[in-house]
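Engineer: Just a sequence and a predicted model for now, questions to come.
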2 protein chains.
Amino acid sequence: MSVANTVKITDTTLRDAHQSLIATRLRTEDLIPVARQLDKIGFFSVEAWGGATFDSCIRYLNDDPWQRLRDIKAEMKNTKVQMLLRGQNLVGYKHYPDDVVEKFIEAAGRNGVDIFRVFDALNDIRNMEKSMEVVKDIGAHLQGTISYTTSPVHSVAGFIDLAEDLYSKGSDSICIKDMAGLIMPKDAADLVAGIKKRIDIPVNLHSHSTSGIAPMSYQAAIEAGVDILDTAMSPFAMGTSQPATESVVASLIGTERDTGIDLMRLRDAKIKCLVVREKYGALIDPISERIDSDVLIYQLPGGMISNLVSQLKEQDALDKLESVHNEIPKVRKDLGYPPLVTPTSQIVGTQAVLNVLMGGERYSNVTQEVKDYVRGLYGKPPGTIPEEIREKIIDGEKAFEGRPADLLEPVYETMAKEAGEEGLVKKDEDILTYILYPAIAPSFLKGERKAETIPTLSQSRKQDSGNIPSFMEVEVDG
Amino acid sequence: MSVANTVKITDTTLRDAHQSLIATRLRTEDLIPVARQLDKIGFFSVEAWGGATFDSCIRYLNDDPWQRLRDIKAEMKNTKVQMLLRGQNLVGYKHYPDDVVEKFIEAAGRNGVDIFRVFDALNDIRNMEKSMEVVKDIGAHLQGTISYTTSPVHSVAGFIDLAEDLYSKGSDSICIKDMAGLIMPKDAADLVAGIKKRIDIPVNLHSHSTSGIAPMSYQAAIEAGVDILDTAMSPFAMGTSQPATESVVASLIGTERDTGIDLMRLRDAKIKCLVVREKYGALIDPISERIDSDVLIYQLPGGMISNLVSQLKEQDALDKLESVHNEIPKVRKDLGYPPLVTPTSQIVGTQAVLNVLMGGERYSNVTQEVKDYVRGLYGKPPGTIPEEIREKIIDGEKAFEGRPADLLEPVYETMAKEAGEEGLVKKDEDILTYILYPAIAPSFLKGERKAETIPTLSQSRKQDSGNIPSFMEVEVDG
Ligand SMILES: [Co+2]
Ligand SMILES: [Co+2]
């Protein structure tokens, strides 16, 4: 067995798995015992921070995200800590000025992040450039990311070109991020093999089992030479989460791509996970653990479908679900086929709902986000926005064609001063918390927020799946 | 796209899927609307009869198994009806004389079975010979079956030889039946490719998602040229059941192995399945739908583990679970490494429990089944039973080395007469029902049995998973 040929594992239990299955609700105190076991296993890395965890920490859990990072780092004596960074959006929903990007990444590195997975919802590399540069500056591992999607303007060849761009900007590895679980085995194999042929850095495949296809695509990727696979411990695996760590590890035992990981050690970690799963049982919607074959038809991330259902329920318009399903691909086309991931999944979904519910002409009512999107403020759409759609949405206005963050003035110093004056700053990182979430941060930093209570199984049964706020459900970080 | 190269699908929703997930409890009335939709899809076949369905029909559901077969057949205007036949055990738990085998298969064919999947728990072809011969005589499709397992006496090469034997006895196709969900991608690929190299008939792979590996092995098998895959509709897929039909179909769209099946038609069938799933929701143990990574360590079928738990609970000896887990591989070794499937899974499991609970010397207390097994009455064990174990179990007695069924006298005529005199026979097939299940058949055939009520979700929550009888849980038909 050639050691170099070993498949490496990034375990996502501490971030994506619970973001996908229970709306990012695991508390730091419950992550720590799991982290301790995960560190003993021999993973390439654990994805443990970023994505929606930052928001969830302060909004719902009264957990300090920075303290969480430090606590996890303290357990990781052998394993690299990885975070998911939304490019210029950091861990928020809009672009931040470059000075904030710089301070944030420095702070993340200082507090424990070893590997930064950097993505942009539009695959616009200009939205990743600044983050990538800072990650390199602080000497951390830069994982350049392809937000995978399918459309008439996306292709394996195009993604291979993107991988090369990411490489040329200093990426130490490439992640193929399939947030909707739609990558097919053949495409996964072609993409992995194609990237590896072109550039000589490790390739990682990240997918979700939503449609039941991820394990098949992982197998195809293994045969095509993928270097790293993202998996989650079995109690938090499958469904809208990743394929199970134990399964992928076991499938390779004795082959030339054996991970070298011991199943009995995984069992110890699994037992810790089961305890945590028990505690949060009421938050787990059984639907999210099962195969959603509608995803295959509508090509939408699982979280988006369930969010549409709850949006329409609220408006007493569930009978319009089929129409909205049909409208989404049209809006996506009108907007130049953005991949559907935070924040484009929300932008497209909400506009599709408006187009259907408003009756009358499509785009008679347009959200601010769609206007900004068409104005170029989110970056360059993958395809072309048809002239008549552009006309309808922003009239004669000309779209901005530069790097969106070039329009943003530095804010760090002024907001730091503001936060200081309000008495919010106990440590430097609190300034960043304030800048990223100015509406929630003050009460959080003053200690006025309370953690949500964790519903018991009997409470959750009384409600009609009302325990997961719809806002969080639409988070599609991939 | 070469049509010959198409992957074909056997959908197991009507048999294995509900046998695996809800102890074979779907009633005929609920199977029919699903069958109607399944027929429109373009499957190679639907597995719809045999295994534990016969027993369950008369024992729990007050459904006539023969009527079920006819009703399903009536819906299958385009699709072949397939059954799982336990070789000389038919749909029971012991060997039946040849005259019964003959009558049973003739009746099954007459009532609608087009394809017979014939297996033997020990892969002893002498236990399949008679059934295979009769299947050929009635002009049905004979699917010869390999009961897949791993052990020091099992190998890919050995299974390829077995496939050749099955072929030489007239098999029209070969099934690799992986009842525990333990076949690894590489072994699946090697086995499929190896069989296809040796003999020129279609090869089918049947696995269970228990360990989360089946979708990966299916992908490897597809690449190795497998002809037919067993899948279940998504509402009854994954976990201890098969990978999802929709996922496998979608994964191949546009490739040269495209199944040609339309996802929108699958959606119609899925919607029917969801309605049925709703009705039986309380019978579905969420555990059976999730990945059981212990299966990877203990190499036991999922059903066997949960049965052990309930056996030990009854005896207030749950603290012995780990010891029993460790004892099972030893008993299996002592018995020459039988594959663990009905009835060997019960035989090995029960003896392991006895060896642990009795304390003292192992095999100080031996079940009748283990004695009969060592006497050769179940057929030839795959490996050798060590002399000291044989000694302990059957003393100086010499084991029978012939075909077990050669020891059995014909019984059909005498039992037919008996049944007639007791007024049990309204149609010929009732005689077979009586011969196979003489203890239950009389009350069933007299119309004195009642269908179990289907528990509601709130009832099932009151009980501690006590709604699934432990006997049925141990059925491992693969
Ligand atoms: Co993800
Ligand atoms: Co099976």
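Structural biologist: On my side now, so go ahead. Note that this is a predicted model, so its numbers are computed, not measured. Ligands and ions are numbered 1, 2, ... in the order given.
Engineer: For stretch A:15-30, output the C-alpha coordinates as CSV.
Structural biologist: What follows is stretch A:15-30, C-alpha atoms only, in CSV (Å, rounded to 0.1, in the frame of the first residue of the first chain):
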residue,chain,number,x,y,z
ARG,A,15,-20.0,22.0,11.3
ASP,A,16,-21.8,20.9,8.2
ALA,A,17,-23.4,17.8,9.6
HIS,A,18,-25.4,19.6,12.3
GLN,A,19,-25.9,22.7,10.1
SER,A,20,-27.6,20.4,7.6
LEU,A,21,-29.6,18.2,9.9
ILE,A,22,-30.5,20.4,12.9
ALA,A,23,-30.1,24.0,11.7
THR,A,24,-26.6,24.4,13.3
ARG,A,25,-27.9,24.0,16.8
LEU,A,26,-25.2,22.0,18.5
ARG,A,27,-23.8,23.9,21.5
THR,A,28,-20.1,24.2,22.3
GLU,A,29,-20.4,22.2,25.4
ASP,A,30,-21.7,19.2,23.4
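Engineer: Does at least one residue of it sit close to ligand 1?
Structural biologist: Yes. Figure legend: stretch A:15-30 in contact with ligand 1 (C-beta under 5 Å from the ion); contacting residues residue A:16. (Each C-beta comes from the backbone N, C-alpha and C, glycine too.)
Engineer: Distance from that stretch to the middle of the chain?
Structural biologist: Centre-to-centre, stretch A:15-30 and its host chain are 12 Å apart (C-alpha atoms, centre = their mean, to the nearest Å).
Engineer: List the buried residues of it.
Structural biologist: A:15-28, A:30 (16 or more other C-beta atoms under 10 Å in any protein chain shown).
Engineer: what two of these have the greatest distance between them?
Structural biologist: Greatest spacing in the buried residues of stretch A:15-30, by C-beta to C-beta: A:20 and A:28 (18.7 Å).
Engineer: residues touching residue A:173, list them.
Structural biologist: The contact partners of residue A:173, taken as C-beta atoms under 8 Å, 6 or more residues apart in numbering or on different chains, are A:141, A:142, A:143, A:144, A:201, A:202, A:203, A:204, A:227, A:228.
Engineer: Could you rerun that using 10 Å?
Structural biologist: Shown in contact with residue A:173 (C-beta atoms under 10 Å, 6 or more residues apart in numbering or on different chains): A:8, A:44, A:115, A:117, A:141-145, A:166-167, A:201-204, A:227-228.
Engineer: give me the subset of those touching ligand 2.
Structural biologist: For ligand 2, no contacts are drawn from the contacts of residue A:173 by C-beta under 5 Å from the ion.
Engineer: now those: which count as buried?
Structural biologist: Neighbour-count burial (16+ other C-beta under 10 Å) applied to these gives A:8, A:44, A:115, A:117, A:141-145, A:166-167, A:201-204, A:227-228.
Engineer: Neighbours of residue A:253, how many?
Structural biologist: Residue A:253: 16 surrounding residues under other C-beta atoms under 10 Å in any protein chain shown.
Engineer: That one and residue A:205, how far apart?
Structural biologist: For residue A:253, the distance to residue A:205 equals 20 Å [C-beta to C-beta, to the nearest Å].
Engineer: quick one: residue A:96 and residue A:437 touch, right?
Structural biologist: No. Residue A:96 lies out of contact with residue A:437 (C-beta atoms under 10 Å); the separation is 11.5 Å.
Engineer: Looking at the two, which has the bigger crowd around it?
Structural biologist: residue A:96 (25 against 21).
Engineer: Tell me who's in contact with the more buried one.
Structural biologist: Residues in contact with residue A:96 (C-beta under 10 Å, 6+ apart) are A:86-90, A:102-104, A:130, A:405, A:408, A:411-412, A:432, A:435-436.
Engineer: swap the cut-off to 7 Å and go again
Structural biologist: Residue A:96 sits next to A:88, A:90 when contact means C-beta atoms under 7 Å, 6 or more residues apart in numbering or on different chains.
Engineer: just residue A:172 next, same as before
Structural biologist: By C-beta under 7 Å, 6+ apart, the contact set of residue A:172 is A:141, A:142, A:143, A:201.
Engineer: Save those as a markdown table, and put in distance to residue B:232 too.
Structural biologist: Output for the contacts of residue A:172, formatted as a markdown table (distance: C-beta to C-beta, whole Å):
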| residue | distance to residue B:232 |
| --- | --- |
| A:141 | 41 |
| A:142 | 43 |
| A:143 | 37 |
| A:201 | 40 |
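Engineer: domains for chain A, by residue range?
Structural biologist: Split into domains by automatic domain parsing, chain A comes to A:3-283, A:291-406, A:411-445.
Engineer: For the longest helix belonging to chain A, enumerate the helices and strands it packs against.
Structural biologist: Using DSSP state H to define each element, chain A has its longest helix at helix A:263-279. In terms of contact count using 3 or more C-beta pairs under 7 Å, 6 or more residues apart in numbering or on different chains; DSSP states H and E, helix A:263-279 is assigned the packing partners helix A:28-38, helix A:245-252, helix B:294-298.
Engineer: where does chain A come near chain B, residue by residue?
Structural biologist: Contact residues (C-beta under 7 Å from any C-beta of the partner chain) of chain A with chain B: A:184-186, A:211-213, A:215-216, A:218-220, A:234, A:237-238, A:243-244, A:246-247, A:250-251, A:255, A:263-264, A:266-267, A:270, A:286, A:289-291, A:293, A:296-297.
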